[in-house]
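> Let's see this in three dimensions:
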Amino acid sequence: MSDRSDLLAALEMPRLARLAPNLFAACFPLMKLLPARYMLDCAQADGRLRPHGSIAETTSGTFGLALAMLAAMRGFKLTLISAESLIDERLRRRLGDLGATIQIVDDPEGSGAQRERLARLQTILNEHYETFWPRQYDNPDNQLAYGRLAEWITRNIGSIDCLVGCVGSGGSLCGTGTFLRDVFSGLFLIAVDTQHSVLFGQRAGRRLLRGLGNSILPRNLEHQMIDEVHWVGALPAFAFTRKLHRENALFMGPTSGAAALVAHWYARNNPDAVTVVILPDEGFRYQDTVFNDDWLAGVDGWPLADVNGPVTLSRIEPAGEEFWSRMSWQRRSLAEVPNADVGA
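Numbers count the residues shown, from 1 in each chain. So this is what the prediction gives:
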């Protein structure tokens, strides 16, 4: 669809970085522009989103920013619902400057308050029935948008053996993985989650690391696609985010740091496997936190001693923000995994 938002097209696709002889990174300025634009294009094409219409969505950050950028360019009204624990003042100012209306729900548990956010969103939809809800967690267009990333990987890298990516909605990892497995049937898929996220069977709880994890189970997460799961706490993610900048000059956010940490470990231990890691956003939002030594000094447990690798689990065991663990998932459903909490 040709319009002024084509000006954002350059931000939708990644640049390629080689982090090791067998490790490649797809480094995005703002990955969520890719599904956001695709979802809006589809909704406009079939009439669900009318000219100068309204959009509402619940977001932890980058998907909301992508929607705000597109809404500003296309002339839509946008309402975003987030939680007190998720949205920092720097992002809030930027969203407001783009014309978005922001509603914040309380989040005393620090888990993201996803159920409360969805309830607030439903109230808006009930009162304004013509409002378009992109439904990033359940909309299959989220996954379909990543056909472009799969094509980019095959064109720029060729045959690959392993794909590593963080999981929040499930769209990027499962969408890209679905398309790539049509070409590379033996592709090994590693999901990166964080502690106290319900996505892979833990109970929801307070999370310091944002941009991945969830307090609800999205339909776009297909557990039967996943070969291995890593739970990365905030501290190892922060440490590797800084290392990625210091050693590779890649200024990425901590979600990217968590994914790169896991990918480096896997590539190092599987030198014959060509591994690709998805790095979804840049670090500008985190200049006051992860890239601020004074802020980090106030984080319990910082500085973190060097972590050489994850603890291997035979059962799901939630841990603190300093821990990094892994489990062989073996393409099972959540119900097939012993002691998984499936009540989310």
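> and the host helix or strand of Ala36, what does it pack onto?
Assessed by DSSP states H and E, Ala36 sits inside helix 33-45. Packing contacts for helix 33-45, counted by 3 or more Cβ pairs under 8 Å, 6 or more residues apart in numbering; DSSP states H and E, involve helix 9-12, helix 62-74, helix 140-144, helix 171-183. C-beta here means a position set from N, CA and C on the backbone, and glycine is covered the same way.
> how far off helix 171-183 does that helix point, in degrees?
Angle between the axes of helix 33-45 and helix 171-183 is 90 degrees (criterion: axes from the mean of the first three to the mean of the last three Cα atoms, to 10 degrees).
> List the buried residues for helix 33-45?
Leu33, Leu34, Pro35, Ala36, Arg37, Tyr38, Met39, Leu40, Asp41, Cys42, Ala43, Gln44 (16 or more other Cβ atoms under 10 Å).
> Can you show me the helices along the protein?
Shown for the chain, the helices assigned by DSSP state H span residues 9-12, 33-45, 62-74, 89-97, 114-127, 140-144, 147-156, 171-183, 234-248, 254-269, 293-297.
> centre of the chain versus the third one, how much separation?
I take that to be helix 62-74. 16 Å (Cα atoms, centre = their mean, to the nearest Å).
> go on, stretch 100-112?
With Cα atoms, centre = their mean, you get 18 Å for stretch 100-112.
> now stretch 201-221
10 Å.
> Start and end of that stretch, how far apart?
Terminal residues of stretch 201-221 are spaced 13 Å apart (Cα to Cα, to the nearest Å).
> quick one: average pLDDT of that stretch?
Across stretch 201-221, pLDDT averages out at 91.
> Give the buried residues for that stretch.
201-202, 204, 207-218, 220-221.
> count of neighbours near Ile278?
26 (other Cβ atoms under 10 Å).
> Now do the same for the residue nearest to it when sequence neighbours are not counted: its pLDDT.
Excluding the flanking residues, the one nearest Ile278 by Cβ to Cβ, 6 or more residues apart in numbering is Gly165, at 4.0 Å. The confidence metric pLDDT takes the value 98 at Gly165.
> Let me see the domain layout of the chain.
As given by automatic domain parsing, the domain ranges for the chain are 4-31+140-330, 33-127.
> Kindly provide the distance from the residue located most distally from the centre of the chain to Pro338.
In the chain, the residue that sits farthest from the middle, by Cα atoms, centre = their mean, is Glu127; the gap is 30.0 Å. Separation of Glu127 from Pro338 (Cβ to Cβ, to the nearest Å): 44 Å.
> same deal with Glu89?
For Glu89 relative to Pro338 (Cβ to Cβ), the value is 43 Å.
> My guess is Asp106 contacts Gly112. True?
No. Shown here, Asp106 and Gly112 do not form a contact pair, counting by Cβ atoms under 8 Å, at 11.7 Å.
> okay, and the common contacts of these two?
By Cβ atoms under 8 Å, 6 or more residues apart in numbering, Asp106 and Gly112 have these common neighbours: Ala83.
> Looking at the two, which has the bigger crowd around it?
Gly112 (28 against 10).
> and the least confident helix or strand in the chain by mean pLDDT, what does it pack onto?
Lowest on mean pLDDT, DSSP states H and E among the helices and strands of the chain sits helix 9-12, with a mean of 83. Other elements packing on helix 9-12 under the criterion 3+ Cβ pairs under 8 Å, 6+ apart are helix 33-45.
> residue contacts, Ile278?
By Cβ under 8 Å, 6+ apart, Ile278 lies in contact with 14, 25-26, 28, 31, 149, 163-166, 172-173, 176, 259.
> For it, name its beta-bridge partners.
Judged by DSSP bridges, the bridge partners of Ile278 are Ala26.
> That one and Gly253, how far apart?
Taking Cβ to Cβ, one finds Ile278 at 12 Å from Gly253.
> Over to Tyr286?
Taken as Cβ to Cβ, the span from Tyr286 to Gly253 is 6 Å.
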